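Show me how the following folds:
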Amino acid sequence: PSSDTQVYNTDEYQQIIEDLWKSYNKKHEARFLSIVCNFLVGLRAGELCALRWRDLDMKKWEISIVQEMVHMDATELSNPYYDVYKASGQIVILPGQKGRKGVYVLLDHTKTHTERVIPVVHKAQEIFKLLRANAPDAKPDDFIFGYGSKYLNLRSINSMLEYACKHISTDVKRSHKLRKTYASRLNAAGLPLDQIRACLGHSNTTTTLGYIYTPLTPEESLSIMEKAFAN
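Predicted structure coming up:
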């Protein structure tokens, strides 16, 4: 697939961030900054939704990724097979979803069943500081991008992304493209591939290579090409 369909280029990236900040400044809801933040940390959508204050070390500025939110069929979860997982806390059905065919479930592990630690860059640090200052009574188990004990769900992420893309008149690329944009921008900036792999939580660099596209505008690419042949 072409880069145009897989990642947000520099202009789109900047315009989406500006639009989401406007929405946040107007409504003061943390969910708008979840997408801004994910451009900077590259989490899976379910990991972003499951992120709690206890997962963020604001002294070392690291995020521990230990859980993931998924959408599951309610009738499937009613199977006695899952009772042992519910009893042990490995699967937690999130509240407020009675009678729905699909429910959001919090797993006690990530997609790959491995934990990882991600460095928090300065721009993301500023976002977390702001959200923390606006939620002084937040508890360690509260979701960072939710409303206290309430949660941001997977559908909300895509809805907000669609909302922002409509404002700036660009094609919508779903939430997983934020992760690819993160990886591609790190690659374009020169971060070694194996470090990008570790940040994404991949077990091998072959998978990571599938996330690498060109996040540059045509003008930025041409500028680099001109420099390559400047002598």
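
which one is residue 167 nearest to, not counting chain neighbours?
residue 19 (4.9 Å; CB to CB, 6 or more residues apart in numbering). In this view, the C-beta of every residue, glycine as well, is placed from N, C-alpha and C.

Extract the C-alpha trace of the helix or strand hosting that neighbour and format it as CSV.
Assigning secondary structure by DSSP states H and E places residue 19 in helix 10-27. Only the C-alpha atoms of helix 10-27 are listed here, as CSV (Å, rounded to 0.1, in the frame of the first residue of the first chain):
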residue,chain,number,x,y,z
THR,A,10,3.7,16.1,8.3
ASP,A,11,1.1,18.6,7.2
GLU,A,12,-1.8,16.3,8.1
TYR,A,13,-0.1,15.5,11.4
GLN,A,14,0.3,19.1,12.4
GLN,A,15,-3.2,20.1,11.3
ILE,A,16,-4.9,17.2,13.2
ILE,A,17,-2.9,18.1,16.4
GLU,A,18,-3.9,21.8,16.1
ASP,A,19,-7.6,20.9,15.6
LEU,A,20,-7.6,18.5,18.6
TRP,A,21,-6.0,21.1,20.8
LYS,A,22,-8.8,23.5,19.8
SER,A,23,-11.4,20.9,20.8
TYR,A,24,-9.7,20.3,24.1
ASN,A,25,-9.4,24.0,24.9
LYS,A,26,-13.1,24.4,24.1
LYS,A,27,-14.4,21.4,26.0
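
Can you mark which positions in it are buried?
12, 13, 15, 16, 17, 19, 20, 23, 24 (16 or more other CB atoms under 10 Å).

That helix - contacts with which helices or strands?
helix 31-41, helix 154-167 (3 or more CB pairs under 8 Å, 6 or more residues apart in numbering; DSSP states H and E).

That one versus helix 154-167: what angle between them?
Counting by axes from the mean of the first three to the mean of the last three CA atoms, to 10 degrees, helix 10-27 points 110 degrees away from the direction of helix 154-167.

what's the angle between helix 10-27 and helix 31-41?
150 degrees.

Could I get the average pLDDT for helix 10-27?
Average pLDDT, helix 10-27: 96.

neighbouring contacts of that helix?
8, 29-30, 32-33, 35-36, 39, 160-161, 163-165, 167-168, 170, 181, 185, 215-217, 220 (CB atoms under 8 Å, 6 or more residues apart in numbering).

rerun at 7 Å
8, 32-33, 35-36, 39, 164-165, 167-168, 170, 181, 215-217, 220 (CB atoms under 7 Å, 6 or more residues apart in numbering).

between these, which is closest to residue 189?
Distance to residue 189 across the contacts of helix 10-27 (CB to CB) is lowest for residue 215, with 9.6 Å.

the bottom helix or strand of the protein by mean pLDDT?
Least confident helix or strand, the chain: helix 74-77 with a mean of 90, by mean pLDDT, DSSP states H and E.

Spatially nearest residue to residue 221, not counting backbone neighbours?
With sequence-adjacent residues excluded and distances taken as CB to CB, 6+ apart, residue 221 is closest to residue 214, at 6.7 Å.

again, but for residue 194
residue 205 (6.2 Å).

thinking again about what came up before, what is the burial count for the residue nearest to residue 221?
Counted with other CB atoms under 10 Å, residues neighbouring residue 214 total 17.
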